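1. With the input below, show me the fold.
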Amino acid sequence: MATIVPLAAAIADLVRDGDTIAMEGFTHLIPFAAGHEIVRQRRADLTLVRMTPDVIFDQLIGMGCARKLIFSWGGNPGVGSLHRLRDAVEQGWPRPLEIEEHSHAGMANRYVAGASGLPFAVLRGYVGTDLAAQTPTIKPIACPFTGEVLTAVPALNPDVGIIHAQQADRHGNVQLWGLVGVQKEAVLASHRSIVTVEEIVDELELRPNAVVLPTWVVDAVCPVPDGAHPSFAIGYSTRDNDFYKEWDAISRDRDTFTTWMRANVLETAG
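-> Numbering: from 1, shown residues only. Purely as a prediction, here's the structure:
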């Protein structure tokens, strides 16, 4: 059953050094506040998992929190490269970063397999790419019924799944809506879960295209208004496009990046 706690307490209790951490959100509802709290609490040796790592993972990687990244696309949306990610992969700064690259479909199916209690997922994918030659967790498998050669990918079962949502009620039931990605699957596949929300309400009002996560699949609910900034939460906030453009210059230089993170994350209360 979910407990409603401050974000700092949830990270302290549920996120440990060496954990595999999934932080999902599609275009909006990206859990930036939770990522910043992980940085403030100096978590290290993390394996970061996200279908589309963007600025929040650039920040975690640049602050030395990560040893490995599992992903299917990485970049600053609408702008360009993630410079801290590239620096870690190419130059080993601030520490070497191992990468495990998949397709979007492969990552989504890995979460579904993890949420379903299956050891792996099977899909018609990766054909025409060289990902299988680069990523050891992509393997051919023959269909036992037709003999067709398909692709198998191992289930994802992160230690902690972290998402942002619009609302939770006072019992810890969570509702998110709008551009929904694999947040539900990431939470269900994870051993522990943290959901930051825009607000706590007395009762959830069901909405079209909404996902409801019942309290018994969530460990901690943390009220964090604007917890997705600079991304957005439909119905609550808009995307800070200027920030994403500014991040390109901030993140290009190691010293500029470190100064910005110290002033805007490390010295800011969670």
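
2. Could you check how far residue 125 is from residue 136?
-> 16 Å (C-beta to C-beta, to the nearest Å). Using the backbone N, CA and C atoms, a C-beta is placed for each residue, glycine as well.

3. scratch that, residue 180 is what I was asking about
-> 31 Å.

4. pretty sure residue 57 is in contact with residue 85, am I right?
-> Yes - here residue 57 reaches residue 85: they are 6.9 Å apart, a contact under C-beta atoms under 8 Å.

5. shared neighbours, these two?
-> 69, 74 (C-beta atoms under 8 Å, 6 or more residues apart in numbering).

6. before we move on, back to that, with neighbour numbers in mind, choose between residue 180 and residue 136.
-> Counting neighbours by other C-beta atoms under 10 Å for residue 180 and for residue 136 shows that residue 180 has the greater number, 16 against 9.

7. how many other residues sit next to the residue nearest to that one when sequence neighbours are not counted?
-> With sequence-adjacent residues excluded and distances taken as C-beta to C-beta, 6 or more residues apart in numbering, residue 180 is closest to residue 211, at 5.6 Å. Other residues lying near residue 211 total 17 when counted by other C-beta under 10 Å.

8. Spit out the contact partners of residue 211.
-> 175, 176, 177, 180, 183, 184.

9. Can you tell me the SS state at it?
-> Following DSSP: H, G, I helix; E, B strand; the rest coil, we place residue 211 in the strand state.

10. Let's test this: name the helix or strand in the chain with the lowest mean pLDDT.
-> helix 131-134 (a mean of 93; mean pLDDT, DSSP states H and E).

11. What strands line up against the next helix-or-strand element following it, and which way round?
-> As assigned by DSSP states H and E, the chain's next helix or strand after helix 131-134 is strand 139-142. When pairing is defined by DSSP bridges, strand 139-142 lines up against strand 149-154 (antiparallel).

12. Name the residues that touch the strand it pairs with?
-> Contacts with strand 149-154, where a contact means C-beta under 8 Å, 6+ apart, come from 102, 106, 109-110, 113, 119-126, 132, 137-143.

13. for the protein, what are the low-confidence residue spans?
-> Within the chain, the segments meeting pLDDT under 70 span 269-270.

14. quick one: the helices in it?
-> Taking DSSP state H as the criterion, the chain carries its helices at 7-14, 32-40, 55-62, 83-91, 104-116, 131-134, 183-189, 241-252, 254-261.
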